[in-house]
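Enquirer: Next input, structure requested:
(2 chains)
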Amino acid sequence: SQKIEQNSEALNIQEGKTATLTCNYTNYSPAYLQWYRQDPGRGPVFLLLIRENEKEKRKERLKVTFDTTLKQSLFHITASQPADSATYLCALDADGGATNKLIFGTGTLLAVQP
Amino acid sequence: DAGVTQSPTHLIKTRGQHVTLRCSPISGHKSVSWYQQVLGQGPQFIFQYYEKEERGRGNFPDRFSARQFPNYSSELNVNALLLGDSALYLCASSLGGQFFGPGTRLTVL
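Expert: A predicted model of the protein is given here:
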């Protein structure tokens, strides 16, 4: 069956360290994968999109990798800050890019301690 | 420039009632998608509309329906509400990544 999995346990790290979040999927062949940030009671905020032919993408303190062989994406936040504390969701396109239908993981809660 | 807007922000209904949720996309975005997010889970895709045509449908019963208007705004309708329909309903418009609105929190009693 098709699955997209993120670590359901919260990730606690110290301020200034690098946070690494994992997203694994099975039985999909996505054209792209996206990462979102979600704060409690609010809608997800788009962070980064990485396409199947891209191995790595960066934006300021964020870095995403995409390994279509391992069927895995890693999301890194360098020099983490307490303001980075939130739930981070990965999402992949369900139809090989034909529609905007996204399949989301359950999210990983990141807590950055000052 | 305003982001995606949704109304109402909160709604309380009882079982069996009907509800209509509204969404206005970012100016210039022609695609609108609807998602349901229950507590502790990621959003689940319900519908996508593009240029007033349904482009995608998720695994939701026929009690859920939607439409898109000529100005690209959209409505999500849910009939015969069940307790399990209680969730945050999110609308997103897209240009590359998807831009989500703040959501409508629906509580069914």
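
Enquirer: Show me the strands in the chain, by range?
Expert: Here I'm looking at chain A. Listed from the start of the chain, chain A has strands (DSSP state E) covering A:3-6, A:11-14, A:19-26, A:32-38, A:45-51, A:56-59, A:62-67, A:72-77, A:86-93, A:102-104, A:108-113.

Enquirer: My question was about chain B, not that one.
Expert: When assigned using DSSP E, the strands of chain B occupy the ranges B:5-7, B:10-13, B:19-24, B:31-37, B:44-50, B:53-57, B:64-68, B:74-78, B:87-95, B:97-100, B:104-108.

Enquirer: With distance to chain A as added columns, please give these in CSV.
Expert: Glycine gets a C-beta too; all of them are placed from N, C-alpha and C. Shown next, in CSV, are the strands of chain B (distance: least, Cβ to the nearest Cβ, whole Å):
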stretch, distance to chain A
strand B:5-7, 8
strand B:10-13, 10
strand B:19-24, 11
strand B:31-37, 5
strand B:44-50, 5
strand B:53-57, 4
strand B:64-68, 13
strand B:74-78, 13
strand B:87-95, 5
strand B:97-100, 3
strand B:104-108, 8
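
Enquirer: how close does B:Ala92 sit to B:Trp34?
Expert: Using Cβ to Cβ, to the nearest Å, we find B:Ala92 at a distance of 8 Å from B:Trp34.

Enquirer: When these two are compared, which one has more neighbours?
Expert: Between B:Ala92 and B:Trp34, counting by other Cβ atoms under 10 Å in any protein chain shown, B:Ala92 is the more crowded of the two (27 against 24).
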